[in-house]
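Chemist: requesting a structural model of the entry that follows:
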Amino acid sequence: MKKFIIFGLICFTFFNGRAQGEGNRPTRAITTAVPFLLIAADARAAGLADQGVATSSDAFSQQWNPAKYAFSEMQQGVGVNYSPYLSSLVNDIGLGNLTYYNRFDERMAIAASLKYFSLGEIVFRENANDLGITQQPNELTFDVSYALQLSETFSMAVAGRYLRSDLQLDRVSEAEAASGFGVDVASFYRGPEIAMNSFNGRLRAGAVISNIGPKLKYDDAGQESFIPTTIRLGAGFDFILDEYNRITPSIEFAKLLVPTPIEPTDSDGNGEIDRNEQIAAQNEYEDISSFGAIFSSWGDAPDGFSEELQEFTWSLGAEYMYRDVFAFRAGYFNEAEEKGARKFISLGAGFKYTIVNIDLSYLFNAGSTNNPLEGTLRFGLSFNFGEQYYDR
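Modeler: Below is the predicted model of the structure:
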């Protein structure tokens, strides 16, 4: 029974968002299928409040901006991360990530990654005396990417992603595992090192549209769900104080390119919203194509431009690096109250010894809603080896 309740809580957190915002106003939080794709799968990005579009390249750039691999300092790398989820309630729900990259010459790089989200074991019973059936719902993605330097300061990448969402519950429905695909298009700018009065500096910037693809559908009679197509824009600046110390503040914006939920209207003028009007609004929403939504989602909010701005999340982060051996990270993430109300502060640290990198992060909730990752210690391990590149 406890597992069933926890599963319900997970679904509520993922698919429904908050029911009310400030002043008891209804929210228009945008929901999608496979929302685990929006969770930071690596500890370094998590320590920077889910930033990774414009940070320096690392083994886990695949989720955030695969174009960064074209500027990787080491030829090859492999990394593994694990993030517990709802750790205050259970110990068998979590997100795992395995990534490999290879910069096989000065201009080109390839990478592949596997991401697996397990919802643990859930026992379903029809009555108190039933022995029950154990289910293990899970979701996963596998993707590959190709990155190319177009100049000494600019690169682009494309990634293809296979999606599989197996949330079928034999005692509840006849739904089958849903599968689909997504495509990422990424760009990255890493400026030359510039000498200032008392330090050197380097500008970084990136832009990515991720998870471009068709909707997911679990059964012939069920509704189609958008996958979390997202645009991310980020920038950062390296303050290279001396040969040992570097500080990099950064900022990042993100927006789901998914339609805002359509509110039913009182079409018959009786002063009430009936079932047929709700169905009509839902059908109108489902008729929006996934590719058309990439463009229409910029202007479909019922309250106009002000609400569109609320659909952007933003984060601030900073990373201090000492001798490329020790790193300290901090960040703040913000989402509008009417769009989900996620707000949190993150701290992180990194350690490097020869080819081994260890990253840790911790999250503090700063919003009015509970965060399923609050109080979670995330851990990442990566190995970088092979030839070293010295890009200007």
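Chemist: helices of the chain, residue ranges please.
Modeler: For the chain, the helices defined by DSSP state H cover 2-11, 43-47, 61-64, 275-286, 290-296, 305-310.
Chemist: who does the shortest one touch, helix- and strand-wise?
Modeler: Counting contacts by 3 or more C-beta pairs under 8 Å, 6 or more residues apart in numbering; DSSP states H and E, helix 61-64 is packed against strand 94-102, strand 108-118. Where C-beta positions appear, they are placed from N, C-alpha and C, glycine not excepted.
Chemist: let's go with 10 Å and repeat that
Modeler: helix 43-47, strand 74-84, strand 94-102, strand 108-118, strand 138-149, strand 154-166, strand 178-190, strand 200-212 (3 or more C-beta pairs under 10 Å, 6 or more residues apart in numbering; DSSP states H and E).
Chemist: one more: the fifth one?
Modeler: The criterion is 3+ C-beta pairs under 10 Å, 6+ apart, and the helices and strands that helix 290-296 contacts are strand 200-212.
Chemist: next, the buried residues of the strand it packs on.
Modeler: 202-212 (16 or more other C-beta atoms under 10 Å).
Chemist: number of residues surrounding the nearest residue to Leu48 once chain neighbours are set aside?
Modeler: Leaving out its chain neighbours, the residue that sits closest to Leu48 by C-beta to C-beta, 6 or more residues apart in numbering is Gly317, at 3.6 Å. Residues near Gly317, counting by other C-beta atoms under 10 Å, number 27.
Chemist: and for the one 3 residues further on?
Modeler: Tyr320 sits with 17 neighbouring residues when counted by other C-beta under 10 Å.
Chemist: show me the beta-bridge partners of it.
Modeler: Tyr320 forms beta bridges with Ile247, Phe328, as assigned by DSSP bridges.
Chemist: state the pLDDT value of it.
Modeler: Per-residue confidence (pLDDT) for Tyr320: 97.
Chemist: thought it was touching Tyr244?
Modeler: No: using C-beta atoms under 10 Å, Tyr320 is not in contact with Tyr244, being 11.2 Å away.
Chemist: now do the shared contacts for these two.
Modeler: The overlap between the contact sets of Tyr320 and Tyr244 (C-beta atoms under 10 Å, 6 or more residues apart in numbering) is empty.
Chemist: and of the helices of the chain, who's closest to Met108?
Modeler: For the helices of the chain, proximity to Met108 was assessed by C-beta to C-beta; helix 61-64 is nearest, at 14.5 Å.
Chemist: give the rounded mean pLDDT of that closest one.
Modeler: 94.
Chemist: wait, isn't Thr265 in contact with Glu272?
Modeler: No: if you go by C-beta under 10 Å, Thr265 and Glu272 don't touch, sitting 11.4 Å apart.
Chemist: on that earlier part again, ok, the residue nearest to Leu48 - contacts?
Modeler: Per C-beta under 10 Å, 6+ apart, neighbours of Gly317: 45, 47-52, 54-55, 234, 236, 248-252, 329-333, 346, 348.
Chemist: write the ChimeraX selection for whichever of those residues are buried.
Modeler: This is the ChimeraX syntax for the buried subset of those, where burial follows 16+ other C-beta under 10 Å:
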select :45,47,48,49,50,51,52,54,55,234,236,248,250,251,252,329,330,331,332,333,346,348
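Chemist: tell me the buried residues in stretch 66-85?
Modeler: Buried, per 16+ other C-beta under 10 Å, within stretch 66-85: 66-77, 79-85.
Chemist: ok, now how distant is Ser210 from Phe312?
Modeler: 15 Å (C-beta to C-beta, to the nearest Å).
Chemist: then Lys217?
Modeler: In terms of C-beta to C-beta, Lys217 sits 29 Å off from Phe312.
Chemist: do Phe326 as well
Modeler: 33 Å.
Chemist: so between these two, which is more surrounded?
Modeler: The neighbour comparison of Phe326 against Phe312 (other C-beta under 10 Å) goes to Phe312, with 16 against 12.
Chemist: what sits against Ser151?
Modeler: 107, 189.
Chemist: please apply the same query to the one 10 residues further on.
Modeler: For Arg161, the residues meeting the contact criterion (C-beta under 10 Å, 6+ apart) are 37, 62, 113, 115, 141-145, 180-184, 210-213, 227.
Chemist: just the buried subset of those residues, written out for PyMOL, thanks.
Modeler: Applied in PyMOL, the following selects the buried portion of the contacts of Arg161 according to 16+ other C-beta under 10 Å:
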select buried, resi 37+62+113+115+141+143+144+145+180+182+184+210+211+212+213+227
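Chemist: for the stretch 101-250 of the chain, which spans come out with low pLDDT?
Modeler: 124-128, 130-132, 168-175, 219-222 (pLDDT under 70).
Chemist: the same query, at a cut-off of 90, please.
Modeler: Applying pLDDT under 90 to the stretch 101-250 of the chain flags the ranges 118-138, 166-179, 196-198, 216-225, 243.
Chemist: cool, and the stretch 251-392 of the chain?
Modeler: The low-confidence ranges in the stretch 251-392 of the chain, as defined by pLDDT under 90, are 260-290, 300-307, 324, 337-341, 367-377, 386, 388-392.
Chemist: what about Ala40, neighbour count?
Modeler: So Ala40, with other C-beta under 10 Å, has 27 neighbours.
Chemist: separation between it and Pro84?
Modeler: 13 Å.
Chemist: contacts only, for Thr32.
Modeler: With C-beta under 10 Å, 6+ apart, Thr32 has these contacts: 14-15, 38, 211, 215-216, 225-230, 256, 258.
Chemist: ok, back up a step: who has more neighbours out of Thr265 and Glu272?
Modeler: Taking other C-beta under 10 Å, Thr265 and Glu272 do not tie; Thr265 has more neighbours (11 against 8).
Chemist: just give the closest residue to that one, not the sequence neighbours.
Modeler: Glu277 (6.6 Å).
Chemist: would you confirm that that neighbour contacts Pro264?
Modeler: Yes: between Glu277 and Pro264 a contact is recorded at 4.4 Å, counting by C-beta under 10 Å.
Chemist: number of residues surrounding Thr99?
Modeler: Neighbours of Thr99 (other C-beta under 10 Å): 25.
Chemist: that should have said Asn283, apologies.
Modeler: Residues near Asn283, counting by other C-beta under 10 Å, number 11.
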